[in-house]
Each structure stands twice: as structure tokens, then as C-alpha cells.
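K.L.:
sequence-free structure coming up:
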């Protein structure tokens with residue numbers, strides 16, 4: 001079966017040989033009305049646990065479809081732990097942030113409310129949908145965990161001190177980010193991006209008081225928060241993540 005260009009969907013349930021899976025209503029509409037698939041068509045499925053599978057459409061009715069699991073084509077891999085903590089942005093930019101963080105290999109997404117955070121209400125369902133869509137389109141085998149919002153102090157208090165947390169700060173003492181990252185000892189477990197107005201003085205004091213927190217400058221230019229997120233994730237992946 002030719003499958004490189006076949007539709008690719010994320011499902012919650014287990015995927016096993018011979019199992020028949022009924023896609024959700026939106027997925028069914030996509031397969032039947034957008035892709036116009038018929039019985040016998042190939043659809044790729046993944047769930048973050050069982051690898052990627054080829055399935056055959058064995059039923060294609062007006063409002064429902066059924067997919068029979070045929071064979072596993074990719075075994076499940078373990079995503080390195082890299083939590084992306086960020087001050088929420090307005091809807092369209094938050095969509096972009098979630099999509100790009102997923103593509104860059106973030107294993108979890110955690111909104112963090114800071115003193116200067118403007119968008120304090122976060123639609124977690126929408127965040128999850130954007131993460132799934134990015135994983136489907138980019139051939140990822142896992143979808144990052146979407147965590148409930150937390151204020152900055154609680155997020156720092158609950159952090160595993162055995163893992164480094166890198167945060168972007170234009171006032172960091174080392175201006176060269178690659179040099180700074182290479183000097184870090186231990187495992188980098190996450191990155192933290194602040195709001196558009198930056199962290200307050202009290203928040204900087206809170207962060208720098210913790211030994212596991214490492215401030216990083218992203219160089220001579222001030223970046224928007226969503227751009228800074230992509231930049232720091234790329235740097236961390238290149239220095240200590242799965243890009244090496």
C-alpha cells in the first residue's frame with residue numbers, strides 16, 4: 001500500500017493489529033468530505049503510545065467511518081523531557097506558539113501567569129487541538145502534555161530541582177546563548193518564556209534565587225515572546241536535546 005501521502009490522524013484509544021477504530025465526528029468529516037476517501041483507502045494513525053499504524057477504511061458512510069488496523073510502520077519512540085513554560089499570549093499568537101513548540105519537540109506545554117501577563121484566560125482544549133494538529137502534520141509520534149495554568153511562584157516551587165530550567169532574560173550576564181547553554185551542568189528539563197513586557201524585578205529575584213534556574217540572553221535583539229520561544233527551543237535541542 002502507498003501511504004506516504006495518506007491522511008494521518010491522532011487517536012486516543014489503543015491501536016492493535018486487527019482492531020477496528022471509529023474516528024471522531026470531526027475526523028470522519030475530514031476523511032469523507034475533505035479528503036473524499038472511499039472504502040479501501042489507507043489512513044495512518046498514532047496515539048503517542050503504540051507507534052504509527054497503517055489502517056484500511058473498511059466502512060465509509062455519510063456520517064461515520066471505520067478503520068481496520070493493518071500493520072505498524074513505525075515503533076513508538078520516547079520523547080526527551082523538555083517542558084515549555086510560557087506566559088500566555090492572545091489567541092492567534094498562542095495558536096502559533098503551541099504549534100511551533102510542538103514541532104520543536106516540547107514534551108509538555110504549561111501556561112505560567114506572571115505579573116505582566118495580559119492574556120490570563122487560557123483555552124486548554126484549543127491548545128490541545130493545536131498540538132495534535134501540529135503532531136499530525138509533522139509526522140511526530142507523540143503529542144505534548146497540556147498542563148493547567150499556574151502562577152510563576154507555584155510553577156517554580158513545584159519544579160524538580162534536579163533538572164535545569166532555562167529562562168530567557170535580556171539582562172543575563174552571558175550574551176552568547178550557545179556558550180551559556182554549553183556551560184550548564186546537569187539535565188535541561190525545561191525552558192521559560194516571559195510576557196511581552198518581560199519579568200518584573202521581583203520575578204527576576206525569585207528566579208535567580210533558585211540554583212536550578214539558568215538565565216539566558218538571546219543576543220542583541222529583543223524578540224517577541226513567540227519568536228523567543230522558537231529560538232530557545234532550537235538552541236536547547238541543538239546543544240543538549242535530540243538534534244545532536
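P.N.:
Received the coordinates, thanks. These figures come from a predicted structure and were not determined experimentally. Residues are numbered from 1 along each chain as shown.
K.L.:
Please list all residues in contact with the most centrally placed residue in the chain.
P.N.:
Among the residues of the chain, the one closest to the centroid is residue 102, at 2.8 Å (Cα atoms, centre = their mean). Taking Cβ atoms under 8 Å, 6 or more residues apart in numbering, we find residue 102 in contact with 109, 130, 131, 134, 135, 138, 140, 143, 144. (Glycine included, C-beta is placed from N, CA and C.)
K.L.:
With residue 76 instead?
P.N.:
48, 49, 50, 51, 141.
K.L.:
I figured residue 89 hits residue 227, correct?
P.N.:
No. Applying Cβ atoms under 8 Å, one finds residue 89 not in contact with residue 227, separated by 11.2 Å.
K.L.:
So which of the two has more stuff around it?
P.N.:
residue 89 (24 against 17; other Cβ atoms under 10 Å).
K.L.:
And the pLDDT at the more buried one?
P.N.:
Per-residue confidence for residue 89 comes out at a pLDDT of 84.
K.L.:
Next, it: phi, psi?
P.N.:
Main-chain torsions, residue 89, degrees, to the nearest 10: phi -120, psi 170.
K.L.:
which residues touch it?
P.N.:
When contacts are counted by Cβ under 8 Å, 6+ apart, residue 89 is found next to 97, 118, 119, 196, 225, 226.
K.L.:
which residues in the protein form strands?
P.N.:
Applying DSSP state E to the chain gives strands spanning 8-10, 20-21, 42-46, 52-60, 65-74, 83-86, 108-113, 145-146, 150-151, 163-168, 187-193, 213-216.
K.L.:
Just put those in TSV and tack on distance to residue 31.
P.N.:
Shown next, in TSV, are those (distance: least, Cβ to Cβ, whole Å):
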stretch	distance to residue 31
strand 8-10	8
strand 20-21	12
strand 42-46	7
strand 52-60	7
strand 65-74	6
strand 83-86	31
strand 108-113	27
strand 145-146	25
strand 150-151	37
strand 163-168	40
strand 187-193	36
strand 213-216	43
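K.L.:
can you redo the ones you listed as a markdown table with mean neighbour count and distance to residue 203?
P.N.:
Compiled in a markdown table, those are given as follows (neighbours: other Cβ atoms under 10 Å; distance: least, Cβ to Cβ, whole Å):
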| stretch | mean neighbour count | distance to residue 203 |
| --- | --- | --- |
| strand 8-10 | 18 | 36 |
| strand 20-21 | 17 | 46 |
| strand 42-46 | 22 | 38 |
| strand 52-60 | 18 | 41 |
| strand 65-74 | 17 | 42 |
| strand 83-86 | 25 | 13 |
| strand 108-113 | 21 | 10 |
| strand 145-146 | 17 | 23 |
| strand 150-151 | 14 | 10 |
| strand 163-168 | 22 | 10 |
| strand 187-193 | 23 | 10 |
| strand 213-216 | 22 | 11 |
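K.L.:
Can you spell out which residues form a bridge with residue 46?
P.N.:
Listed by DSSP bridges, the beta-bridge partners for residue 46 are residue 10, residue 52.
K.L.:
And for residue 59?
P.N.:
residue 66.
K.L.:
Please apply the same query to residue 113.
P.N.:
For residue 113, the beta-bridge partners are residue 151 (DSSP bridges).
K.L.:
Any figure for the gap between it and residue 151?
P.N.:
In this view, residue 113 and residue 151 are 5 Å apart by Cβ to Cβ, to the nearest Å.
K.L.:
same thing with residue 131?
P.N.:
Going from residue 131 to residue 151 by Cβ to Cβ gives 22 Å.
K.L.:
Compute the first-to-last residue distance for stretch 47-54.
P.N.:
13 Å (Cα to Cα, to the nearest Å).
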